[in-house]
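Undergrad: okay, here's the prediction I keep looking at, along with the sequence it came from:
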Amino acid sequence: MTDRTAVYVGCRLFDGAAEVVEDAALAVAGGEVRAAGPRERVLAAAGPDPELVDLAGACVLPGLVDAHTHLHFPIRGFGDWPTGLVEPPEFTAIKAVRNAGTYLAAGVTTVMDCGTRGNLAVALREAVANGVCQGPRIVASGMVVSPTAGLADDHPEFLHLDHPEGEVADTPEQWRAVIRRQAKQGVDNLKIGVSGSALNPYSDSGACDLGHDEIAMIVAEAHRVGCTVAAHVSPPDGFVDCLRAGVDTVHHGFGIDQRCVDALGTATAYFVPTSYKLRAMVEGGVARGRDPARLDEYRRQWDGHVAALRMAVAAGLADRIAVGSDGGHLPGHGQTAAELAVLLEAGMTARQALAAATGVAAAAVGLAGTVGTLRPGALADFLVVDADPVADPTVLADPSRIRAVYQSGRLVAQRGQLTAPPSGGPDGLAPVFLGRGTRTWRSVRRPPPAPPDGPAAG
């Protein structure tokens, strides 16, 4: 990457919101978008002697944003045992590096990790930002936090083990201590379990483990130390409590009703429904040997989930629904675009679904205007697609249709394969973990250095 402006011409362009431009161009310089829109206007703004790259009729859109991933999770599970009890953390870390690359190769240039093991998501965020390994930009959570016998508490007391993939807090003092400790470790986001999960033998996905006043206390403390809050919640009462308490994102909602839709319309939070995950659990659970009782619960949830999404879309709330795959369960990592098919079923237009995976998801993870858009000043994370996702967004689920993936203006993947090595980075990263200056909102605008290579889309 050089300071010379590269102008990509001969394309159709979707800007991450609603605008589609025919005979468009995109100007990139210094890792950022300099101009985007009609060809002649962009060429005029590009300055003298730009490098022209003819995309021969391809479609250009922002890199995808996944608002719910778990980079440490396995693609294949270990039966009913919690991963942290049977897998050493060193192996988990190596696997997470591979998983991060899978997202980037599939055109996902930014993710929010919604619950990790130890402080792995922060470490991986810094490794990517400093060019040590390849992956999407990461908005990092720490370990999931819930009350005793909640989402994060998944093994018997007689084992007398620390929780390998979650933290437990019951009193306000315990919650404040956990939040402050995670903030000290540099997390961007606090992930809380408001209800349980069918995957946890001690919790109930249909019951709330936290009430409104408890959630409001958690949100106030997290916001005070500079963290956003993402809530795992399904029951309608818990969903509404989260919205009224001021959480930033509500995830799953596998039981919401019209009351929840009404509350979403008056709140500031974004809804991340992870719908394809639920469908994949229902359709793939038998093959994966899931407990029949759990599958029955997933089926009951699925029956009403798309109907609830339709209510939200019909209420004009498409711009509050963000794509999140919950990758690492079913589906596997890098399958973010599979969510788009469910959003279309729920009544979104093709442009609304694309926005849910770009501009809306960027806003949900706190990076509006920085990623998920091709507006001037945004980071130059973009895709070059041979097909027309504006007409059919589901083509993005096939990485072979994505001709090129760019991150900060640097070509990093083609047709589902990473093409550039990590940019190197410093020999030691210890200083970045000493203090809160490592958070994504501070570091995301620092593109990694790139080897001298051309901008060609191949």
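TA: Arrived safely, thanks for sending. Since the model is a prediction, treat every value here as computed from it, not as a measurement.

Undergrad: around residue 41, how many other residues sit close by?
TA: Using other CB atoms under 10 Å, residue 41 has 15 neighbouring residues. C-beta: built from backbone N, CA, C; applies to glycine.

Undergrad: quick check: it touching residue 35?
TA: Yes - in this structure, residue 41 is within contact of residue 35 by CB atoms under 8 Å, at 7.2 Å.

Undergrad: hey, where'd the strands end up in the stretch 201-350 of the chain?
TA: 228-233, 249-252, 270-272 (DSSP state E, counting those that start in this stretch).

Undergrad: residue 324 is nearest to which of those?
TA: Nearest to residue 324, of all these, is strand 270-272, at 3.9 Å by CB to CB.

Undergrad: so what's the gap between that closest one and the chain middle?
TA: 11 Å (CA atoms, centre = their mean, to the nearest Å).

Undergrad: hang on, the earlier thing: shared neighbours of residue 41 and residue 35, which are they?
TA: In terms of CB atoms under 8 Å, 6 or more residues apart in numbering, residue 41 and residue 35 are not both contacted by any residue.

Undergrad: picking that back up, could I get the strands of the stretch 201-350 of the chain as a markdown table with mean pLDDT?
TA: Below are the strands of the stretch 201-350 of the chain laid out as a markdown table (pLDDT from 0 to 100):
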| stretch | mean pLDDT |
| --- | --- |
| strand 228-233 | 98 |
| strand 249-252 | 97 |
| strand 270-272 | 98 |
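
Undergrad: can I get the ones you listed in CSV including mean neighbour count?
TA: Output for the strands of the stretch 201-350 of the chain, formatted as CSV (neighbours: other CB atoms under 10 Å):
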stretch, mean neighbour count
strand 228-233, 28
strand 249-252, 28
strand 270-272, 28
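
Undergrad: what mean pLDDT does the strand ranked longest in the chain have?
TA: Assignment by DSSP state E gives strand 51-62 as the longest strand of the chain. Regarding strand 51-62, the rounded mean pLDDT is 97.

Undergrad: where does the prediction get shaky in the stretch 351-458 of the chain?
TA: For the stretch 351-458 of the chain, applying pLDDT under 70 flags the ranges 424-458.

Undergrad: could you pull out the helices for it?
TA: Assignment of helices within the stretch 351-458 of the chain using DSSP state H, counting those that start in this stretch yields the ranges 359-364, 440-443.

Undergrad: and what about residue 154, helix, strand or coil?
TA: The three-state label given to residue 154 by DSSP: H, G, I helix; E, B strand; the rest coil is coil.

Undergrad: how much space between it and residue 254?
TA: Distance of residue 154 to residue 254, given as CB to CB, to the nearest Å: 19 Å.

Undergrad: could you list the domains of the chain?
TA: 6-62+373-443, 64-364 (automatic domain parsing).

Undergrad: in terms of helices and strands, where is residue 125?
TA: Here residue 125, judged by DSSP states H and E, is contained in helix 120-129.

Undergrad: now that helix - C-alpha only, CSV.
TA: Output of helix 120-129 as CSV, limited to C-alpha atoms (Å, rounded to 0.1, in the frame of the first residue of the first chain):
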residue,chain,number,x,y,z
LEU,A,120,-8.3,-14.5,24.3
ALA,A,121,-10.4,-12.1,22.3
VAL,A,122,-8.4,-9.0,23.4
ALA,A,123,-5.1,-10.8,22.7
LEU,A,124,-6.3,-11.8,19.2
ARG,A,125,-7.6,-8.3,18.6
GLU,A,126,-4.2,-6.9,19.3
ALA,A,127,-2.4,-9.6,17.2
VAL,A,128,-4.6,-8.7,14.2
ALA,A,129,-4.3,-4.9,14.7
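
Undergrad: toward the C-terminus from it, list the very next helix or strand.
TA: strand 137-140.

Undergrad: check which helices and strands that following strand is in contact with.
TA: The contact analysis (3 or more CB pairs under 8 Å, 6 or more residues apart in numbering; DSSP states H and E) places strand 137-140 against strand 108-113, helix 120-129, helix 440-443.

Undergrad: now do the buried residues in it.
TA: Buried residues in strand 137-140, defined by neighbour count with 16 or more other CB atoms under 10 Å: 137-140.

Undergrad: put together a markdown table for those, with pLDDT and distance to residue 73 on each row.
TA: A markdown table is the format used below for these (pLDDT from 0 to 100; distance: CB to CB, whole Å):
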| residue | pLDDT | distance to residue 73 |
| --- | --- | --- |
| 137 | 97 | 19 |
| 138 | 97 | 14 |
| 139 | 97 | 17 |
| 140 | 97 | 15 |
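
Undergrad: of all those, which comes closest to residue 61?
TA: residue 137 (16.7 Å).
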